[in-house]
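Trainee: just coords:
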């Protein structure tokens, strides 16, 4: 089909690509039956008590707009949740916004912060949405290759990158636990990053912490705890409460920044869905530990995948959070990450995401999402073993 038009549309949009994650998923969708280890979506149902709260809201005719920033009861619940879980302190009246998922939270944030020509630091590999939103804002992404630092951004890497530029970046986007690697930071690492960024007081940190409830061997540390005045924390309920389709995100930011963020948020969506907000209140108040049974299942799935990858002698770091594993292609294999993953999908009916979907630093790797059933994962790992051994012959 012809993808061109004679209309002079927005140049920024015309130059963007559809997410390579979605592109690849579409390319292999004709291979059926297909085990999908591709998308970042929990395979668990939303907890019953959350669904019941939504039903009650519908029956009570809660079908009208809330305040732009969200129902105050939701923002109070979010404030209490963040305080109890992550030692964060944000005023529910003036420092929290309920958004249509973390995606809108990121869009609202970046559209508010960025001017044309601003630099934005993005550790690579990265979730492709960051790149698209920065470019839509006519700002310039500056990629920081973390493949040599265990996929963890370091103070030295940040400092070196800033010093290489002709002006101080407007912002840095951080994402821990990380998509696609599953790597997360320690408190000491957060403090080191916060100290470095504090030397640049006009630079803001956008900290995407959507996987904060999926940290396996410790508790999540928020950048907002150690760099509050310069940090905008992004979170939501999609991963923690298996609510991807409900679309409820959260922004936590200092009051003067939130005042400006609300303007963009209002222009984009008016307000988040009222019924979803009432479900969110229930999730945050009475479901603070709803992620625990999911975490237990993810840990077992992670164990199965890691065991297979280690038996195949593939280079991989065990993830400490989220539900992704980012593994290197077999050494000596002369093929791209796309060809590796496409061949696996075509020949073995298992889909994974090629590493180049996450930026140039991801080439030579592939991402497995273990947000799928244990049965499917075990089957997929048997097939992966056969595929890799066949390629090595």
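Mentor: Alright, I've got the coordinates. No experiment lies behind these values; they were computed from the predicted model shown.
Trainee: What is the neighbour count of residue 9?
Mentor: Using other C-beta atoms under 10 Å as the criterion, residue 9 is surrounded by 9 other residues. Placement of C-beta: from N, CA and C, glycine included.
Trainee: My reading is that it lies in a helix. Confirm?
Mentor: No: Residue 9 is assigned coil when assessed by DSSP: H, G, I helix; E, B strand; the rest coil, not a helix.
Trainee: all helices of the stretch 151-300 of the chain, in order?
Mentor: Taking DSSP state H, counting those that start in this stretch as the test, the helices found in the stretch 151-300 of the chain are 155-163, 187-198, 223-226, 255-269, 274-286, 291-311.
Trainee: Just put the ones you listed in a markdown table and tack on distance to residue 144 and mean pLDDT.
Mentor: Compiled in a markdown table, the helices of the stretch 151-300 of the chain are given as follows (distance: least, C-beta to C-beta, whole Å; pLDDT from 0 to 100):
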| stretch | distance to residue 144 | mean pLDDT |
| --- | --- | --- |
| helix 155-163 | 5 | 98 |
| helix 187-198 | 12 | 98 |
| helix 223-226 | 16 | 98 |
| helix 255-269 | 24 | 98 |
| helix 274-286 | 33 | 98 |
| helix 291-311 | 26 | 98 |
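Trainee: Pipe these into CSV and attach mean neighbour count and distance to residue 371 per row.
Mentor: Below are those laid out as CSV (neighbours: other C-beta atoms under 10 Å; distance: least, C-beta to C-beta, whole Å):
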stretch, mean neighbour count, distance to residue 371
helix 155-163, 16, 29
helix 187-198, 17, 25
helix 223-226, 23, 25
helix 255-269, 16, 26
helix 274-286, 22, 18
helix 291-311, 17, 7
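Trainee: And these: which comes nearest residue 15?
Mentor: Checking the helices of the stretch 151-300 of the chain against residue 15 by C-beta to C-beta gives helix 255-269 as the closest, at 21.2 Å.
Trainee: what does that closest one contact?
Mentor: 68-69, 91, 94-97, 99-100, 104, 107-109, 111-112, 204, 232, 251, 253 (C-beta atoms under 8 Å, 6 or more residues apart in numbering).
Trainee: Could you give me the ChimeraX syntax to select whichever of those are buried?
Mentor: In ChimeraX, a selection of the buried entries from these looks like this (16 or more other C-beta atoms under 10 Å):
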select :68,69,95,96,97,99,100,104,107,108,109,111,112,204,232,251,253
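Trainee: quick one: which of the contacts of helix 255-269 sit in helices?
Mentor: Residues from these lying in helices, with DSSP state H as the criterion: 104, 107, 108, 109, 111, 112.
Trainee: Which single one of these is nearest to residue 223?
Mentor: Of the ones in helices among the contacts of helix 255-269, the one sitting nearest to residue 223 (C-beta to C-beta) turns out to be residue 109, at 13.7 Å.
Trainee: thought the closest one was touching residue 235?
Mentor: No: applying C-beta atoms under 8 Å, one finds residue 109 not in contact with residue 235, separated by 12.0 Å.
Trainee: what residues does the least confident helix or strand in the chain by mean pLDDT touch?
Mentor: For the chain, using mean pLDDT, DSSP states H and E, the weakest element among its helices and strands is helix 11-14, scoring a mean of 85. Residues from elsewhere that reach helix 11-14 (C-beta under 8 Å, 6+ apart): 135, 136, 138.
Trainee: Same list, those residues, but as JSON lines with neighbour count please.
Mentor: Compiled in JSON lines, the contacts of helix 11-14 are given as follows (neighbours: other C-beta atoms under 10 Å):
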{"residue": "135", "neighbour count": "16"}
{"residue": "136", "neighbour count": "17"}
{"residue": "138", "neighbour count": "13"}
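Trainee: Return the member of those nearest to residue 83.
Mentor: Residue 83 lies nearest to residue 136 out of the contacts of helix 11-14, by C-beta to C-beta, at 33.5 Å.
Trainee: what separates the residue nearest to the closest one when sequence neighbours are not counted from residue 381, distance-wise?
Mentor: Distances taken as C-beta to C-beta, 6 or more residues apart in numbering place residue 12 nearest to residue 136, at 5.2 Å, with adjacent residues excluded. Going from residue 12 to residue 381 by C-beta to C-beta, to the nearest Å gives 41 Å.
Trainee: ok, now residue 212?
Mentor: In terms of C-beta to C-beta, residue 212 sits 28 Å off from residue 381.
Trainee: Same question for residue 281.
Mentor: 40 Å.
Trainee: Show me how this structure divides into domains.
Mentor: What automatic domain parsing lists as the domains of the chain is 11-45+291-392, 48-286.
Trainee: Throw these into TSV and include distance to residue 5, thanks.
Mentor: Below are the domains of the chain laid out as TSV (distance: least, C-beta to C-beta, whole Å):
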stretch	distance to residue 5
domain 11-45+291-392	9
domain 48-286	19
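Trainee: right, so those domains: which one is the most enclosed?
Mentor: By mean neighbour count, with neighbours taken as mean count of other C-beta atoms under 10 Å, domain 48-286 ranks first of the domains of the chain at a mean of 20.
Trainee: got the end-to-end distance for it?
Mentor: For domain 48-286, the first-to-last residue distance is 11 Å (C-alpha to C-alpha, to the nearest Å).
Trainee: Centre of the chain to it, how far?
Mentor: A distance of 9 Å separates the C-alpha centroid of domain 48-286 from that of its chain, computed with C-alpha atoms, centre = their mean, to the nearest Å.
Trainee: Same check on stretch 379-390?
Mentor: The answer for stretch 379-390 is 28 Å, by C-alpha atoms, centre = their mean.
Trainee: Offset the numbering so it begins at 28, please.
Mentor: I'll keep to 28 as the first residue from here, and by that count the last item is stretch 406-417.
Trainee: For it, give me every contacting residue.
Mentor: Counting contacts by C-beta under 8 Å, 6+ apart, the residues outside stretch 406-417 that touch it are 62, 64, 331-332, 334-335, 338-339, 341, 357, 370-371, 374-377, 399.
Trainee: what is the mean pLDDT for it?
Mentor: Taken as a whole, stretch 406-417 has a mean pLDDT of 98.
Trainee: any chance of the contacts of helix 38-41 in CSV, plus secondary structure?
Mentor: Converted to CSV, the contacts of helix 38-41 look like this (three-state DSSP):
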residue, secondary structure
162, helix
163, helix
165, coil
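Trainee: Much appreciated, bye for now.
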